[in-house]
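Colleague: I need the structure of the sequence given here:
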Amino acid sequence: MLLGCLILTFKDEGVVKIRQMAVETQIQGRGLGKLMMQYSEKVALQRGYREMQLSVRENAILFYLSQGYEIYGEPLIEVTIPHRLMKKTLL
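Modeller: A predicted model of the protein is given here:
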């Protein structure tokens, strides 16, 4: 059974984009998403990237804020769903 997924797209200029982040509904809130984010940030740093960016559904913004991400830019619609752009500088 697939419990979660997260795709990294390595871009130019030290930026990594997180795509398709998801955790199985039945296990949300148990820390898997946090572990996936921490691991993806570690991989990005090891490869020399210094910023993570992603487009977030409005109902997931609090999760990413708790992981140190900040909102930037204007709200947008992706696949008919309201989203916000978020980013984090990796240390």
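Colleague: Correct me if wrong: Leu90 contacts Arg47.
Modeller: No: counting by Cβ atoms under 8 Å, Leu90 does not reach Arg47; the two are 10.6 Å apart. Using the backbone N, CA and C atoms, a C-beta is placed for each residue, glycine as well.
Colleague: out of those two, which sits in the busier spot?
Modeller: Between Leu90 and Arg47, Leu90 has the larger neighbour count (other Cβ atoms under 10 Å), namely 14 against 11.
Colleague: contacting residues for the more buried one?
Modeller: Glu41, Ala44, Leu45, Tyr49, Arg50, Glu51, Met52 (Cβ atoms under 8 Å, 6 or more residues apart in numbering).
Colleague: Check Val15 too.
Modeller: Tyr49, Arg50, Glu51, Met52, Gln53.
Colleague: beta partners of the last one?
Modeller: So that's Gln53. With DSSP bridges as the criterion, Gln53 is bridged to Lys17, Lys87.
Colleague: The longest helix seen in the chain - contacts with which helices or strands?
Modeller: For the chain, the longest helix by residue count, based on DSSP state H, is helix 32-46. Helix 32-46 is packed against strand 4-10, strand 15-23, strand 51-57, with contacts defined by 3 or more Cβ pairs under 8 Å, 6 or more residues apart in numbering; DSSP states H and E.
Colleague: ok, Met1 - contacts?
Modeller: Residues near Met1 by Cβ under 8 Å, 6+ apart: Glu24.
Colleague: An error on my part: the question was meant for Leu3.
Modeller: Under the criterion of Cβ under 8 Å, 6+ apart, the neighbours of Leu3 are Val23, Glu24, Ile27, Leu32.
Colleague: If I look at the second one, what pLDDT would I see?
Modeller: When you say that, I think you mean Glu24. pLDDT for Glu24: 95.
Colleague: How about it, nearest residue that isn't a chain neighbour?
Modeller: Leaving out its chain neighbours, the residue that sits closest to Glu24 by Cβ to Cβ, 6 or more residues apart in numbering is Leu3, at 4.9 Å.
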